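Participant: Got a predicted structure here, sequence first:
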Amino acid sequence: MFEGAVVSIHITPVSEGHLQSVEEVRAIPGRGLEGDRYFDDPRSEPRRELTLVEAEAIEAFRSEFQIDFGLDGTRRNVVTRGVPLNDLVGKEFWIGEVKARGLQLCEPCATLQRLSHPKVLPGLVHRGGLRAQILTEGTIRVGETIKE
């Protein structure tokens, strides 16, 4: 068992667009995060509804490669602290009032590398975050508790 927290939330209305940091966001099953690029996309699928990444992984990446890399650098929606995201593949968990299911690891890709930093592929492999499906509607807020 664990109990972590939401550190920051990031969305962008367009693919490859600049991420906006928000204090809260509405989560809708089958659609994703209101205002995010996949929310109104008819081709969207459960693995695109919500992405999370550990603040600890970002901090380790910055330290190991001695680079300036913000919490939004991974282009994930929710940055967490104290949450073992890799362990949540196939499991249900709560982000405040929102229930989600971990679907698969969100490994870094060539697009992320192009949009962020050249060392992101080797630096974040197996710690690039989690793709999750939203199971219940609600609002995710910075500072909220994340738990199983």
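Facilitator: Cool, got the structure. Numbers count the residues shown, from 1 in each chain.
Participant: Which residue is the nearest non-sequential neighbour of Val83?
Facilitator: Residue nearest to Val83 in three dimensions, not counting chain neighbours: Gly4, with 3.5 Å by C-beta to C-beta, 6 or more residues apart in numbering. To be clear about C-beta, it is placed using only N, CA and C from the backbone, and glycine gets the same treatment.
Participant: mind checking the backbone torsions on the spatially most central residue of the chain?
Facilitator: Nearest to the mean C-alpha position of the chain, by C-alpha atoms, centre = their mean, lies Leu52 at 2.1 Å. Dihedral angles of Leu52 (phi, psi; degrees, to the nearest 10) stand at phi -130, psi 150.
Participant: Same question for Val98.
Facilitator: For Val98, the backbone dihedrals (degrees, to the nearest 10) come out as phi -100, psi 130.
Participant: measure the most far-flung residue of the chain relative to its centre to Ser116 for me?
Facilitator: In the chain, the greatest distance from the average C-alpha position (C-alpha atoms, centre = their mean) is reached by Gln66, at 22.8 Å. Applying C-beta to C-beta, to the nearest Å, the value for Gln66 to Ser116 is 16 Å.
Participant: Need the residues that contact the lengthiest helix in the chain.
Facilitator: Looking across the chain with DSSP state H, the single longest helix is helix 55-65. Contact with helix 55-65 is made by 7, 67-69, 71, 73-74, 79-81, 119-120, 123-124, 127-129, as judged by C-beta atoms under 8 Å, 6 or more residues apart in numbering.
Participant: Put the alpha carbons of that helix into CSV.
Facilitator: Provided in CSV are the C-alpha atoms of helix 55-65 (Å, rounded to 0.1, in the frame of the first residue of the first chain):
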residue,chain,number,x,y,z
ALA,A,55,8.4,13.5,-9.9
GLU,A,56,11.1,11.3,-8.5
ALA,A,57,11.9,9.9,-11.9
ILE,A,58,12.1,13.4,-13.4
GLU,A,59,14.4,14.5,-10.6
ALA,A,60,16.6,11.5,-11.0
PHE,A,61,16.8,12.1,-14.8
ARG,A,62,17.8,15.8,-14.2
SER,A,63,20.5,14.7,-11.7
GLU,A,64,21.9,11.9,-13.7
PHE,A,65,22.2,13.9,-16.9
